[in-house]
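> Dropping the sequence and predicted coords here.
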Amino acid sequence: MAGLRPSFDVAIIGAGIGGLALAIGLLRQGVSFTLYEAAPCFSSVGAGVGLGPNAIRAMELIQPGFHELYKRISSGNITPGKDHVMMDAMLVEDGLGERRGMRPMPYGAPCYDRTSAHRKDLLDILTSWIPGKNVRFNKRVKRLSQNEKGAVIEFEDGNIVAASCVIGSDGIKGASRGAVLGDRWPEYVQARYTGKYVYRSIIPMEEAMKILGKDVDGNEIAGDAKMFMGDRCIIATFPISKGTQSNMVCFRPDDQPWSHPEWTRAVSKHTMMQDIRKLGVDERLVTLLNWANPLQWALFHHIITPTYYNHRICLLGDSAHAMLPHQAAGAGQCIEDALVLCRLLGLVKDPSQIEKAFEVYDGIRRPRAQKVVKTSQEAGDLCAFQVPGVGSDMDKIVANQAERYLWIWLHNLEEDVDRAESEFNALSEEARSAAQPTLVGIKTASAALVA
């Protein structure tokens, strides 16, 4: 680990996956930082999270040894021979498609290892690498501003902090997005409702297996990751917590604007069950909702983000590119952000170079992450039978699913890091060259005065 440079300090807002990954990376790069979190402690809230091969590689590049720890907490498919199967496609309809003679239709890739974990377990790994002295809890941001020296954070408790720069990993509703986009692109500050909300449930695996039973091949339906598809309806189930629990997410289409002040809306259990039942869903899937907290979780995303930085404030993770979960790619994009940004900030020798680092980060990360936002929306349309020319043709859907993730999973992260270093060094050299004539002119003028 490099020695810390106290004259250059980074303020990270938000201790989610992206903020934690960045903090770990900065620690290894020797960059001084403080992590500010609004909650009174690191979060234990959340359900299942999946990391694709790109996400695991990115985190391993940030912190060697991560993969081994992740394997200890993650769960895969229980059926032998399905290590590389991302999901089995089935239908949501009564009978799950088996009455039509359909079998589960697997898709994945040799490069993909099926793993899911409980979000809390993943956060426990990440937080174990971050010294307590670098973290401040109960710090909710009220306002962000900038001056000639850097960025200023005003917290709701009245405390004011200055930093060389601010990295906003404060999520889809955080203050940092407005600070970056508000002046130039105010129309893109707020996230857009996707026309979907979800119900979430975590079921003891033993109970899930009893309810769902076995497929026509004799395999436990709940034991392997499943994507149940139907007309404007998607339900996903997959093992978490080392296979002791099944995580379930029910996607419900909504043709109306989301008019509720909060992004979660409490309903009765009866309303929730009927809301899913009316979509023509197999009753076994409805029964799994008995373990759900009856909340509708509205899904929003940032389909357009014109830039990820404004002077000394930079976006990372969901504040930059909140997306639908249909490609299981959100956490991975947060970690990729952290990888590129921590390496760039590790190259900064003087605060005047920070904006150059942000410029390179924006050029590398924004095109890729925004493409993932767009294609995640498309993947949801595909699995809900809403793509013209494909519709409910399961053969076409599964063929598409088998190919659509490869550009995400197989991306060359080392090339991103090398490109970041090369472009940053080139910009720094340009700045030095531009300043050189001024220095020469000063020396010449001084010599003339002496003469």
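Noted; the coordinates are in hand. Numbers count the residues shown, from 1 in each chain.
> pLDDT averaged over stretch 388-403 - what is it?
For stretch 388-403, mean pLDDT is 98.
> Quick one: distance of that stretch to the chain centre.
Stretch 388-403 sits 25 Å away from the centroid of its parent chain (C-alpha atoms, centre = their mean, to the nearest Å).
> What residues of that stretch count as buried?
390, 394, 397-398, 400-401 (16 or more other C-beta atoms under 10 Å). Backbone N, C-alpha and C define where each C-beta goes, glycine included.
> in the stretch 251-400 of the chain, which spans are strands?
264-266, 295-301, 309-310, 313-315 (DSSP state E, counting those that start in this stretch).
> packing partners for the helix or strand L126 falls within?
Taking DSSP states H and E as the definition, L126 sits inside helix 119-127. With contacts defined as 3 or more C-beta pairs under 8 Å, 6 or more residues apart in numbering; DSSP states H and E, helix 119-127 has these neighbours: helix 17-29, strand 48-50, helix 66-73.
> could you give the angle of the top strand by length along the chain to strand 295-301?
When the chain is parsed with DSSP state E, its longest strand is strand 192-204. Here the directions of strand 192-204 and strand 295-301 differ by 140 degrees (axes from the mean of the first three to the mean of the last three C-alpha atoms, to 10 degrees).
> thinking again about what came up before, would you mind giving the buried residues of stretch 388-403 as TSV with distance to G230 added?
Compiled in TSV, these are given as follows (distance: C-beta to C-beta, whole Å):
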residue	distance to G230
V390	14
M394	11
I397	12
V398	15
N400	17
Q401	15
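> Q327: which of those residues is nearest?
Q401 (9.6 Å; C-beta to C-beta).
> Make sure I have this right: that closest one is in a strand.
No - read with DSSP: H, G, I helix; E, B strand; the rest coil, Q401 is helix and lies in no strand.
> ok, it - contacts?
86-87, 89, 107, 379, 382-383 (C-beta atoms under 8 Å, 6 or more residues apart in numbering).
> Of those residues, just say which sits nearest to Y197.
The nearest member of the contacts of Q401 to Y197, counting by C-beta to C-beta, is C383 at 16.3 Å.
> and that closest one, how many neighbours?
C383 has 24 neighbouring residues, counting by other C-beta atoms under 10 Å.
> ok, now which ones touch it?
By C-beta under 8 Å, 6+ apart, C383 lies in contact with 227, 229, 234, 326, 397, 401.
> repeat that with 6 Å
Neighbouring residues of C383 by C-beta atoms under 6 Å, 6 or more residues apart in numbering: 229, 234.
> same thing with G178?
Neighbours of G178 in contact, by C-beta under 6 Å, 6+ apart: V189.
> Would you mind naming the helix or strand containing it?
Here G178 is assigned to helix 176-181, by DSSP H and E.
> how about that helix: buried residues?
176-181.
> cool, and stretch 36-44?
Buried residues in stretch 36-44, defined by neighbour count with 16+ other C-beta under 10 Å: 36-38, 42-43.
> Can you pull the domain assignment for this protein?
9-75+115-191+304-426, 193-301 (automatic domain parsing).
> Which of these sits closest to E93?
domain 193-301 (5.9 Å).
> ok now the closest one, how far from the chain's centre?
Worked out by C-alpha atoms, centre = their mean, domain 193-301 lies 21 Å from the chain centre.
> Start and end of that domain, how far apart?
7 Å (C-alpha to C-alpha, to the nearest Å).
> Q333 touches Q370, doesn't it?
No - applying C-beta atoms under 6 Å as the test, Q333 and Q370 come out as separate, 9.7 Å apart.
> Looking at those two, which one has more neighbours?
Higher neighbour count among Q333 and Q370: Q333, with 31 against 20, using other C-beta under 10 Å.
> for the more buried one, what are its contacts?
With contact taken as C-beta under 6 Å, 6+ apart, Q333 is in contact with 369, 372.
> again, but for V390
Counted by C-beta under 6 Å, 6+ apart, V390 has contacts K396.
> before we move on, what about G25?
Counted by C-beta under 6 Å, 6+ apart, G25 has contacts 62, 338, 342.
> Ends of stretch 128-144, what's the gap?
29 Å.
> which parts of that stretch are buried?
For stretch 128-144, burial by neighbour count (16+ other C-beta under 10 Å) applies to 129-130, 135, 139, 141, 144.
> Next: stretch 149-169.
150-153, 155, 161, 163-169.
> ok, and what's touching it?
Counting by C-beta under 6 Å, 6+ apart, 8-14, 18-19, 139-145, 174, 176, 312-317, 319, 351, 354 sit against stretch 149-169.
> List only buried entries from those residues.
So, by 16+ other C-beta under 10 Å, the buried ones in the contacts of stretch 149-169 are 8-14, 18-19, 139, 141, 144, 174, 176, 312-317, 319, 351, 354.
> I'd like the mean pLDDT over stretch 207-222, please.
97.
> can you check stretch 368-376 too?
Across stretch 368-376, pLDDT averages out at 99.
> ok now it, how far from the chain's centre?
11 Å.
> in it, what's buried?
So stretch 368-376, judged by 16+ other C-beta under 10 Å, has buried residues 368-370, 372-373, 375-376.
> Stretch 269-284 too?
For stretch 269-284, the neighbour count (16+ other C-beta under 10 Å) marks 272-273, 275-276, 279, 281-282, 284 as buried.
> Span of it from start to end?
Termini of stretch 269-284 sit 16 Å apart (C-alpha to C-alpha).
> and what of stretch 209-226?
Span of stretch 209-226 from end to end, C-alpha to C-alpha: 13 Å.
> Check which helix or strand G218 maps to.
Applying DSSP H and E, one finds G218 in no helix or strand.
> any chance you could map the helices in the chain?
Using DSSP state H, the helices of the chain run over residues 17-29, 53-62, 66-73, 119-127, 176-181, 205-212, 269-277, 283-287, 318-321, 330-347, 354-383, 394-404, 406-409, 413-450.
> Need the winner for burial among the ones you listed.
helix 318-321 (a mean of 30; mean count of other C-beta atoms under 10 Å).
> Which neighbouring elements make contact with it?
Judged by 3 or more C-beta pairs under 6 Å, 6 or more residues apart in numbering; DSSP states H and E, helix 318-321 is in contact with no other helix or strand.
> what residues does it touch?
168, 170-172, 174, 176-177, 302, 305, 308, 369, 373.
> One more: stretch 309-317?
18, 146, 150-151, 165-169, 179-180, 308, 334, 337, 358, 362.
> List just the nearest of these to N425.
Looking across the contacts of stretch 309-317 and measuring by C-beta to C-beta, the closest to N425 is F358, at 15.3 Å.
> Find me the pLDDT at the closest residue to that closest one other than its chain neighbours, would you?
In space, and not counting its chain neighbours, F358 is closest to Y309: 3.8 Å by C-beta to C-beta, 6 or more residues apart in numbering. Per-residue pLDDT puts Y309 at 99.
> swap in V49?
With respect to pLDDT, V49 scores 87.
> residue contacts, it?
Applying C-beta under 6 Å, 6+ apart, the residues contacting V49 are 117, 119, 122, 331.
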